[in-house]
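Chemist: Sequence and computational prediction follow.
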Amino acid sequence: MKFGYVRISTKDQKFDLQMDALLRAGVEEENIFKDISSGAKTTRPGFDKMLLKLRRGDEVLIWKLDRLARSVIHISKLMAGWEAEGIELRSIQEPFFDTKSSHGKFIFTIFSAFAQLERDIIIERTNAGLAAARKRGRKGGRPSGLSKSAKSKARVCASLYKANDMSIEEIMETTGIGSKATFYKYLRYMKVEPDGFVPKSQK
């Protein structure tokens, strides 16, 4: 089956252009899933509903890649998962991006390489920042609340979480955080409310 996904960032925008293109490409209207959401959002109800419908042999059509994912890393992760499940992906505005074709699979290989490079750069910069923070944190006494090193980790966690290119587990591994409780504590310190996470004070 063919499935389509469309996304706009605000209610002031319209789905019309994306919808018309998917309908012309042969996607039934009932199989087109919609979201009004920033690309940086962790949860997208329409996208999540589409994922539940996908089966081996299905094809996902999008207007442009930026409607589907937020970065090279995110696109690479989606494609790798769908390739393993036998699900094809095609972008209407980027005809070179068609995982049914050998050329499209070659493009996927290039995207994967760039995604790994992007991930390595993030990790390298993060580790360098944490090392510098730990060095500074050795001077003087421990301040109330979070230590300087912990505050640095909190900033890194919040930044990586909002970028939404890495899973919570990957962020924890990258920053050396040992538990999800600490991870959520750091997000709350940075005033970032995790999607789907309910603080104990509200339970």
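Modeler: Looks like it arrived, so ask away. Computed from a predicted model, the values in this text were never measured in an experiment.

Chemist: so what pLDDT did Ser76 get?
Modeler: Listed pLDDT for Ser76 reads 73.

Chemist: please renumber so the chain begins at 23
Modeler: That works, and once the first residue is 23, the last one we named lands at Ser98.

Chemist: Can you name the helix or strand that it falls in?
Modeler: helix 94-106 (DSSP states H and E).

Chemist: What strand or helix carries the closest residue to Leu182 other than its chain neighbours?
Modeler: Among residues not flanking Leu182 along the chain, Ile193 sits closest, at 4.8 Å (Cβ to Cβ, 6 or more residues apart in numbering). Just so you know, the C-beta spots here come from the backbone N, C-alpha and C atoms, and that holds for glycine as well. Here Ile193 sits within helix 190-197, counting by DSSP H and E.

Chemist: Helix or strand next in line after that helix, which one?
Modeler: For helix 190-197, the succeeding helix or strand toward the C-terminus, using DSSP H and E, is helix 202-211.

Chemist: Check which helices and strands that next one is in contact with.
Modeler: helix 170-185, helix 190-197 (3 or more Cβ pairs under 8 Å, 6 or more residues apart in numbering; DSSP states H and E).

Chemist: CA atoms only for the shortest one, dumped as CSV, please.
Modeler: When you say that, I think you mean helix 190-197. Output of helix 190-197 as CSV, limited to C-alpha atoms (Å, rounded to 0.1, in the frame of the first residue of the first chain):
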residue,chain,number,x,y,z
ILE,A,190,17.5,9.3,25.4
GLU,A,191,19.7,6.3,25.8
GLU,A,192,22.2,7.7,23.3
ILE,A,193,22.3,11.1,25.0
MET,A,194,22.8,9.4,28.4
GLU,A,195,25.7,7.3,26.9
THR,A,196,27.2,10.3,25.3
THR,A,197,27.1,12.5,28.4
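
Chemist: Can you list the buried residues in it?
Modeler: 190, 193-194, 196-197 (16 or more other Cβ atoms under 10 Å).

Chemist: ok now do the nearest residue to Lys56 once chain neighbours are set aside, which residues does it touch?
Modeler: Nearest residue to Lys56, sequence neighbours excluded (Cβ to Cβ, 6+ apart): Gly68, at 4.8 Å. Neighbouring residues of Gly68 by Cβ atoms under 8 Å, 6 or more residues apart in numbering: 27, 29, 55-57.

Chemist: Which of these sits closest to Leu83?
Modeler: When those are ranked by distance to Leu83 (Cβ to Cβ), Tyr27 comes first, at 7.7 Å.

Chemist: Please report how far the closest one lies from Arg210.
Modeler: Distance check for Tyr27 against Arg210: by Cβ to Cβ, to the nearest Å, it reads 32 Å.

Chemist: So those two - more neighbours on which side?
Modeler: Tyr27 (25 against 16; other Cβ atoms under 10 Å).

Chemist: Check which helices and strands whichever helix or strand comes after the helix holding Ser98 is in contact with.
Modeler: On the C-terminal side of helix 94-106, the closest following helix or strand by DSSP H and E is strand 110-113. Secondary-structure packing of strand 110-113 (3+ Cβ pairs under 8 Å, 6+ apart): strand 81-84, helix 94-106.
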